[in-house]
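Chemist: Okay, sequence plus prediction incoming.
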Amino acid sequence: MAAVEDTQPTQADISKTSSAPAEGYEKKCIFCKIVNNEMGTELLHCDEEISCFRDIKPGAPHHYLVVPTKHVGNCKSLSKEHVPLVKRMVETGKEILQKNSVTDLSDVRFGFHWPPFCSVTHLHLHVLAPASEMGFISRLFYRLNSYWFVTADQLIELLNAKGQTD
């Protein structure tokens, strides 16, 4: 009977923590689950605004995903007000690269898949390095000036322009 009593408080604690991220948490979103430590994925960075973890299908020797800690939709759902968030995501990506001994930031690709070419609707920045070591398929998937991938700079430019035309 003591074993049952020991597990009940733990279950209560779990329900408390799972109800805490209700705001900005999509229960069906894999990245929301990762950020809330429900998947066993190692978080390389996690704060109130930004989280980072390794891509499960790396396209380069260093391939990280930087995501907002709270659920934010894909690139098309963003507005000019999201520019600081995108910039912070890029800065976090640079910090993670430097912590992992990537010092040549000229051989790095920072970008987003453009809907409908993204498999997860939670906004996520791909950080790939060295870009020169990406394989053939990765070069296609993360190709510059394509219909399905935009660099962080291109997205920022698009969002800033959105604010001017409204």
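Modeler: Structure received. As the structure is a prediction and not an experimental result, all values here were calculated from the model.
Chemist: Show me the longest strand that occurs in this protein.
Modeler: Using DSSP state E to define each element, the chain has its longest strand at strand 62-68.
Chemist: which element follows that one toward the C-terminus?
Modeler: Remark: after strand 62-68, the chain's next helix or strand is helix 83-99, criterion DSSP states H and E.
Chemist: Show me what counts as buried in stretch 103-120.
Modeler: If you call a residue buried by 16 or more other C-beta atoms under 10 Å, then stretch 103-120 has these buried ones: V108, R109, F110, G111, F112, H113, W114, C118. Just so you know, the C-beta spots here come from the backbone N, C-alpha and C atoms, and that holds for glycine as well.
Chemist: Make sure C52 is actually in contact with H62.
Modeler: No. C52 is beyond contact range of H62, at 11.5 Å (criterion: C-beta atoms under 8 Å).
Chemist: tell me the centre residue of the protein?
Modeler: By C-alpha atoms, centre = their mean, the chain has its centre lying nearest to V67, at 2.5 Å.
Chemist: so who does that one touch?
Modeler: By C-beta atoms under 8 Å, 6 or more residues apart in numbering, the residues touching V67 are F31, V35, I50, S51, C52, M89, H122, L123, H124, L125.
Chemist: Just the ones of the residues you listed in strands?
Modeler: Those of the contacts of V67 lying in strands (DSSP E): I50, S51, C52, L125.
Chemist: what's the farthest-apart pair in the residues you listed?
Modeler: Pairwise distances across the ones in strands among the contacts of V67 peak at 11.0 Å for S51 and L125 (criterion: C-beta to C-beta).
Chemist: and for the two, which residues touch both?
Modeler: What both S51 and L125 touch, as defined by C-beta under 8 Å, 6+ apart, is the set V66, V67.
Chemist: May I ask which helix or strand of the protein has the lowest mean pLDDT?
Modeler: helix 2-19 (a mean of 38; mean pLDDT, DSSP states H and E).
Chemist: The closest residue to F117 other than its chain neighbours: how many residues sit nearby?
Modeler: Once flanking residues are discounted, F117 sits nearest to W148: 3.5 Å by C-beta to C-beta, 6 or more residues apart in numbering. W148 has 15 neighbours, counted by other C-beta atoms under 10 Å.
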